[in-house]
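Student: sequence? don't have it. structure:
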Ligand SMILES: [Fe+2]
């Protein structure tokens with residue numbers, strides 16, 4: 001640990017020096033005439049080091065497909081915040097140093113989180129979060145009935161589609177040939193609202209109150225939100241989310257009986273209307289052994305430990321990467337990317353009534369409530 005800390009500190013100093021590195025290279029050239037052999041070799045060494053840091057930073061910029069303007073903004077942020085050691089960007093500083101040093105995971109990363117491709121150091125890591133520490137959860141829970149009614153109003157409307165991913169997400173090829181499945185039994189369908197920098201406008205228009213709740217009550221939502229529906233007998237295979245910089249909120253809405261979710265070593269039995277937050281960077285999997293289709297509203301939020309500066313910085317990187325990946329995906333002849341697969345699976349469901357076929361009791365309640373409302377209005 002001490003070695004890593006020492007190594008990181010050295011790298012930070014090198015980033016600090018980085019801004020003047022070009023100057024140093026120029027000065028080294030001018031000074032060559034006056035220097036003796038030893039000085040020459042020492043300056044050459046410094047210059048090589050600077051070049052190496054430049055190269056690493058360049059690789060980092062390229063990983064995120066940054067434009068020149070974005071590179072400028074990122075370099076400014078690093079110079080004004082990271083290099084001077086501002087406490088509000090501690091996590092970014094450590095994460096970046098790890099990246100530049102080729103360290104993939106923080107040393108104290110919990111075993112169940114190690115399979116996650118991106119782990120930012122210094123963020124609290126619990127498989128499930130205590131709702132007591134997240135007071136806004138109650139506010140969302142208070143809106144459960146409103147969200148449920150909007151979900152039920154989607155019956156017979158277009159919008160749900162099978163959940164599919166590119167080839168790297170699973171070994172199970174979908175029978176219809178569109179992408180891979182993450183469930184090895186049952187069916188998993190979704191009604192997207194926000195994902196990968198896309199707002200699904202048509203879907204959002206169908207559930208305006210839910211969108212209002214997401215945008216106004218959630219603290220720093222991550223622009224990932226969707227209704228997730230699994231049929232009886234579904235098993236979603238164990239996997240890790242892509243990053244620990246976000247947490248995942250669940251509101252179980254329909255058909256929840258005998259549905260459970262494991263994250264890390266903890267398994268939770270879901271209850272209708274009882275919201276919770278879990279960290280999907282931990283290994284997790286889900287089972288639905290109930291008799292009705294189970295529907296959960298899923299919304300991602302930025303990790304509460306990240307400062308607003310860190311969220312701003314990480315958003316810049318993420319948006320740049322997603323914009324570039326979307327453009328690249330358009331040229332992908334194999335269609336092996338999220339954007340194409342989401343588009344191709346849009347119209348795969350034969351009927352838009354399938355997801356409530358089993359939920360007879362709930363539907364009856366919904367219909368009678370609707371007719372009561374009608375009576376009230378008309379009388
Ligand atoms: Fe997941």
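Tutor: In hand now; what should we look at? On a predicted model such as this, the values are computed, not experimentally measured, just so you know.
Student: okay, now the domains of the protein?
Tutor: Under the assignment automatic domain parsing, the domains of the chain span 2-103, 128-364.
Student: Can you flag the weakest of these by average pLDDT?
Tutor: With a mean of 70, domain 2-103 has the lowest mean pLDDT of the domains of the chain.
Student: Return the distance of the residue nearest to residue 182 when sequence neighbours are not counted relative to residue 246.
Tutor: Spatial nearest neighbour of residue 182, chain neighbours left out: residue 170 (5.2 Å); criterion: C-beta to C-beta, 6 or more residues apart in numbering. Quick note: C-beta positions are derived from backbone N, CA and C, even for glycine. In this view, residue 170 and residue 246 are 21 Å apart by C-beta to C-beta, to the nearest Å.
Student: okay, these two: which has more neighbours?
Tutor: Legend: neighbour count by other C-beta atoms under 10 Å for residue 170 and residue 246, higher for residue 246 (23 against 18).
Student: Who does the more buried one form a beta bridge with?
Tutor: According to DSSP bridges, the residues that bridge with residue 246 are residue 302.
Student: Distance of residue 238 relative to residue 270?
Tutor: On the measure of C-beta to C-beta, residue 238 and residue 270 end up 17 Å apart.
Student: thinking residue 344 is in contact with residue 335, fair?
Tutor: Yes - if you go by C-beta atoms under 8 Å, residue 344 and residue 335 touch, sitting 6.6 Å apart.
Student: Test my guess that residue 219 contacts residue 304.
Tutor: Yes - using C-beta under 8 Å, residue 219 is in contact with residue 304, at 7.4 Å.
Student: Which of these two has more residues huddled nearby?
Tutor: Shown here are residue 219 and residue 304; by other C-beta under 10 Å, residue 304 has more neighbours (14 against 10).
Student: quick one: the more buried one and residue 134 touch, right?
Tutor: Yes - assessed by C-beta under 8 Å, residue 304 is found in contact with residue 134 at 7.5 Å.
Student: Quick check: end-to-end length of stretch 202-216?
Tutor: Terminal residues of stretch 202-216 lie 20 Å apart, using C-alpha to C-alpha, to the nearest Å.
Student: which outside residues touch it?
Tutor: Applying C-beta atoms under 8 Å, 6 or more residues apart in numbering, the contact partners of stretch 202-216 are 140, 143, 146-147, 150-151, 153-154, 157, 159, 191-194, 221, 225, 297, 299.
Student: Show me which of those residues are buried.
Tutor: With neighbours counted using 16 or more other C-beta atoms under 10 Å, these contain these buried positions: 140, 143, 147, 150-151, 154, 159, 191-194, 221, 225, 297, 299.
Student: what's the closest of those residues to residue 339?
Tutor: Ranked by distance to residue 339 (C-beta to C-beta), the buried ones among the contacts of stretch 202-216 are led by residue 192 at 11.9 Å.
Student: and the closest one, bridged to which residues?
Tutor: residue 226.
Student: re the thing from before, reformat the domains of the chain as TSV; add distance to residue 117.
Tutor: Formatted as TSV, the domains of the chain follow (distance: least, C-beta to C-beta, whole Å):
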stretch	distance to residue 117
domain 2-103	12
domain 128-364	6
